[in-house]
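Colleague: Please find the sequence and the predicted model below.
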Amino acid sequence: MMDFGSINPAVLIASLMVAAVPIMLAALGELVVEKAGVLNLGVEGMMIVGAIAGFITAVSTGSPVLGFVGGAAAGAALSLIFAFLTQFLLTNQVATGLALTLFGLGLSSLTGQGYNGIKPPHTGAVPFGPLADIPFFGRVLFSHDWVVYFSIFMVALIWWVLKSTRLGLIIRAVGENHDAAHSLGYKVNRIRLGCITFGGAMAGMGGAYISLVRVPQWVDGITSGAGWIALAIVVFASWRPWRVLIGAYLFGGITVLQLNLQAAGSAIPVEYLSMAPYLITILVLVIMSSGRGKASLSAPASLGQNFHASS
Amino acid sequence: MLRLEKRPNPSQFWQYGTPVVAVLLTMVVGGILFAMLGKDPFAVIKTIFWDPLFGEFAFYLRGQLLVKAGPLILIAIGLALGFRAGIWNIGAEGQYIMGAVIGASVGLAAYPTESRLIFPAMVIAGAFGGWLWAMIPAILKTRFNTNEILVSLMLVYVAETILAKAATGFLRNPDGAGFPGSRNFSSYKAASNPELIAGSGLHWGGVAALVTAVLVYILLQRHILGFQIKLAGQAPRAARFHGVNPTRLVVFCMGVSGALAGMAGLFEVTGPAGQISIDFNSGYGFTAIIVAFLGRLNPIGIVFAGLLMALTYVGGEMAATNLGLPSAAIQVFQGMLLFFLLGVDVLGNYRIRLVKGA
């Protein structure tokens, strides 16, 4: 018999905030990449390489913070392959992104051998003292580890940079019309290279959060589609940072709720519950792509097109 | 400084030269990777690329080549059709699974009837299953303009869950003492897909792959639809003026690739895999993406690419047993191949010029 009463709303909200972190970080990174006019479908690959690199760094140094740095560095390093191929050898972005994912999945499984069954160092909650004891709000707002706050901070930072700074204007110009940006004297390919690397670091960090906090251990294929869901969230968000936050919390909520329903012994078979995040992603994509709120209208105009100065 | 200069026309030489260069580069960098893993790179490369063809156990391993190449070629030909038109079906793995599940269901429903009609019916059901699964992203794309890459990929995870449910639930062998997995098709003659010529590794899936390669080659060279597919990919604007119906093209390309992937799945469960099990799918749907590009999105090229990729699977397994090479290293190797292939392709479209003081 299903027992909704056993699900505490404060715990539910707090845990959905944690569940949302990996996809939120990865989606924010991809948002910046796409704002610069580049479609990197390698998010899943960069996330899983970040997950194993972060895990290995944290286990060998004993420091979870260094683990996140290591995950971000590995994600950025992997994204450089994509950047080099698409920006300097002008390869097709869709195919190269897929290659990045296939390569990353293999690479993570290769480097992860021998790390199964190990527990990583614990990432503790930020000590807020008495604030954490406030009923409801203490649990929801003041009980998290630093990455949860960092991810929200990054939403605000990226929103501010894209909206109100010169750098943001340049990034948007490159993504909307790379020929015009080029004639204004901006180095289109270098700006895109920077954005791709940033996206890689964010995806790698998101992956590290999965292996260091969410699960926390190393298993092959640990990201199980989180990178693809992050790509979908960027579309859902119509390329706006605050909507990425909403989208990620929504998906975090669905994930947590379906896990809770599984634990509470729901009448719906486990298999069908675990399909839910993927089916709902499809549903959301359909809603966002059709009708008046057409997502494609807000997509950066040069998205997915390569730039070559001579052509 | 090096500069890229666009060629007026893509180079004919590099059209065929790039896959060879890419394979050689992958061998070199892959060799470095194997050396870093503490293996003798020359021994590993020889085990992967030479031994399955000419080594001591080649009489057995050559057959394994066709077993692995069959599904890869079948799936890749379908994917290549779409890729040429700029339609990205990334979820062939899901269509492969659904083809296997639906096709196997038809066969298991008929158990233990013996009739010549059962296997053909299963093949049709398998193709239908894959087609149906591919129609979801196709119709969402044409009707709601939803991104087919993300939808087809999400459906892979859904299909994997359905497969798990099938293996442990609705298709589980009732005489299997509660173990997961369906009845074994090798012991149900009417529904099995045996080796056609002993030792060759050729089963109906391999035959289907070769026939499909020829048919699709003719379609692309001689039929108006093939022309429209190529046109839509190379010059979308011109295609619109020519009157190409994009909806029809999406439905056709997705449908064909789904049906072929579904058939590949059915041939696999009834033949080499033998039964529906939780993990009978071995990522062929994803590797086929590499095969499609390695074969230059050309059906005949894909046949050779599929055989080469099968060689890395068979040789990789050999290297795993004989030299202790981790099996994930082969996956890295295959991913690297796609990188080099895409990267070297620049030579076909651009000239590299040395510019002084740029």
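Modeller: Done, it's in. Numbering: from 1, shown residues only, chains lettered A, B, ... in the order given.
Colleague: ok, A:Phe198 touching A:Val33?
Modeller: Yes. When contacts are counted by CB atoms under 8 Å, A:Phe198 is listed as touching A:Val33 (7.5 Å). From N, CA and C alone the C-beta is placed, and that goes for glycine too.
Colleague: more neighbours, these two?
Modeller: A:Val33 (31 against 21; other CB atoms under 10 Å in any protein chain shown).
Colleague: Go ahead and list the helix or strand containing the more buried one.
Modeller: Element membership for A:Val33 (DSSP states H and E) is helix A:9-35.
Colleague: Flag every buried residue along that helix.
Modeller: Residues of helix A:9-35 classed as buried: A:13-35 (neighbour count, 16 or more other CB atoms under 10 Å in any protein chain shown).
Colleague: tell me what it is packed against?
Modeller: helix A:43-61, helix A:137-141, helix A:146-164, helix A:166-176, helix A:188-209, helix A:226-236, helix A:241-263 (3 or more CB pairs under 8 Å, 6 or more residues apart in numbering or on different chains; DSSP states H and E).
Colleague: That helix vs helix A:241-263, what angle?
Modeller: Relative orientation of helix A:9-35 versus helix A:241-263 (axes from the mean of the first three to the mean of the last three CA atoms, to 10 degrees): 140 degrees.
Colleague: can you give me the offset of helix A:9-35 from its chain's centre?
Modeller: The chain centre lies 7 Å from the centre of helix A:9-35; the measure is CA atoms, centre = their mean, to the nearest Å.
Colleague: Let me have the helices and strands packed on helix A:9-35 in a markdown table, extended by mean pLDDT.
Modeller: Formatted as a markdown table, those follow (pLDDT from 0 to 100):
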| stretch | mean pLDDT |
| --- | --- |
| helix A:43-61 | 97 |
| helix A:137-141 | 84 |
| helix A:146-164 | 96 |
| helix A:166-176 | 94 |
| helix A:188-209 | 96 |
| helix A:226-236 | 92 |
| helix A:241-263 | 89 |
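Colleague: can I get those in TSV with distance to chain B?
Modeller: Shown next, in TSV, are the helices and strands packed on helix A:9-35 (distance: least, CB to the nearest CB, whole Å):
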stretch	distance to chain B
helix A:43-61	8
helix A:137-141	30
helix A:146-164	22
helix A:166-176	18
helix A:188-209	11
helix A:226-236	5
helix A:241-263	12
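Colleague: Show me the one of those that comes nearest B:Ala100.
Modeller: Closest approach to B:Ala100 among these is made by helix A:226-236 (22.5 Å; CB to CB).
Colleague: then the closest one to PDB, C-alphas only?
Modeller: Taking Å, rounded to 0.1, in the frame of the first residue of the first chain, the C-alpha atoms of helix A:226-236 are listed here in PDB:
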ATOM      1  CA  ALA A 226      22.200  12.800 -16.900                       C
ATOM      2  CA  GLY A 227      24.200  14.500 -19.600                       C
ATOM      3  CA  TRP A 228      21.400  14.100 -22.100                       C
ATOM      4  CA  ILE A 229      18.800  15.300 -19.600                       C
ATOM      5  CA  ALA A 230      21.000  18.400 -19.100                       C
ATOM      6  CA  LEU A 231      20.900  19.000 -22.800                       C
ATOM      7  CA  ALA A 232      17.200  18.800 -22.700                       C
ATOM      8  CA  ILE A 233      17.000  21.200 -19.800                       C
ATOM      9  CA  VAL A 234      18.800  23.800 -21.900                       C
ATOM     10  CA  VAL A 235      16.000  23.600 -24.500                       C
ATOM     11  CA  PHE A 236      13.400  23.600 -21.700                       C
END
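Colleague: Off-centre distance for that helix?
Modeller: That offset, for helix A:226-236, works out to 8 Å (CA atoms, centre = their mean).
Colleague: which other helices and strands contact it?
Modeller: Against helix A:226-236 (3+ CB pairs under 8 Å, 6+ apart) you get helix A:9-35, helix A:43-61, helix A:188-209, helix A:241-263, helix A:270-289, helix B:148-165.
Colleague: and the second one, what other elements does it pack with?
Modeller: This points to helix A:43-61. The helices and strands touching helix A:43-61, judged by 3+ CB pairs under 8 Å, 6+ apart, are helix A:9-35, helix A:64-83, helix A:93-111, helix A:188-209, helix A:226-236.
Colleague: possible to save these as a markdown table with distance to B:Ala292?
Modeller: As requested, the helices and strands packed on helix A:43-61 are exported to a markdown table (distance: least, CB to CB, whole Å):
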| stretch | distance to B:Ala292 |
| --- | --- |
| helix A:9-35 | 25 |
| helix A:64-83 | 19 |
| helix A:93-111 | 9 |
| helix A:188-209 | 25 |
| helix A:226-236 | 20 |
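Colleague: Check which helices and strands the helix or strand hosting B:Gly343 sits against.
Modeller: Using DSSP H and E, the element containing B:Gly343 is helix B:327-344. Other helices and strands packing on helix B:327-344, by 3+ CB pairs under 8 Å, 6+ apart, are helix A:93-111, helix B:12-36, helix B:284-294, helix B:299-323.
Colleague: Out of those, which is closest to B:Trp131?
Modeller: Minimum separation from B:Trp131 across the helices and strands packed on helix B:327-344 (CB to CB) falls at helix B:284-294, 14.6 Å.
Colleague: how many degrees apart are the closest one and helix A:93-111 in direction?
Modeller: Using the same axes, to 10 degrees: helix B:284-294 against helix A:93-111 is 130 degrees.
Colleague: Work out the gap between helix B:284-294 and the centre of the chain.
Modeller: Distance of helix B:284-294 from the chain centroid (CA atoms, centre = their mean) equals 5 Å.
Colleague: quick one: buried residues of it?
Modeller: Buried residues in helix B:284-294 (16+ other CB under 10 Å): B:284-294.
Colleague: what is the rounded mean pLDDT of that helix?
Modeller: The average of the pLDDT scores along helix B:284-294 is 92.
Colleague: what comes into contact with it?
Modeller: For helix B:284-294, contacts defined as CB atoms under 8 Å, 6 or more residues apart in numbering or on different chains pick out A:95, A:98-99, A:102, B:19, B:22, B:71-73, B:75-77, B:79-80, B:83, B:90-96, B:156, B:261, B:264, B:268, B:301-302, B:305-306, B:308-309, B:334-335, B:337-338, B:341-342.
Colleague: one step back: please name whichever of the helices and strands packed on helix A:226-236 is nearest to B:Gly255.
Modeller: Using CB to CB, the helices and strands packed on helix A:226-236 put helix B:148-165 closest to B:Gly255, at 12.3 Å.
Colleague: what packs against the following helix or strand past that closest one?
Modeller: Per DSSP H and E, the first helix or strand lying C-terminal to helix B:148-165 is helix B:204-222. For helix B:204-222, the packing partners by 3+ CB pairs under 8 Å, 6+ apart come out as helix B:58-84, helix B:224-234, helix B:246-270, helix B:299-323.
Colleague: Among the helices and strands packed on helix B:327-344, show me which one is buried the most.
Modeller: Mean neighbour count (mean count of other CB atoms under 10 Å in any protein chain shown) peaks for helix B:284-294 among the helices and strands packed on helix B:327-344, with a mean of 27.
Colleague: May I have that helix exported as PDB, CA atoms only?
Modeller: What follows is helix B:284-294, C-alpha atoms only, in PDB (Å, rounded to 0.1, in the frame of the first residue of the first chain):
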ATOM      1  CA  TYR B 284      25.800  -2.200 -31.300                       C
ATOM      2  CA  GLY B 285      23.400   0.700 -31.800                       C
ATOM      3  CA  PHE B 286      26.000   3.100 -30.700                       C
ATOM      4  CA  THR B 287      29.000   1.500 -32.300                       C
ATOM      5  CA  ALA B 288      27.000   1.600 -35.600                       C
ATOM      6  CA  ILE B 289      27.300   5.400 -35.500                       C
ATOM      7  CA  ILE B 290      31.000   5.000 -35.800                       C
ATOM      8  CA  VAL B 291      30.600   2.400 -38.600                       C
ATOM      9  CA  ALA B 292      28.300   4.700 -40.600                       C
ATOM     10  CA  PHE B 293      30.900   7.500 -40.500                       C
ATOM     11  CA  LEU B 294      33.800   5.200 -41.100                       C
END
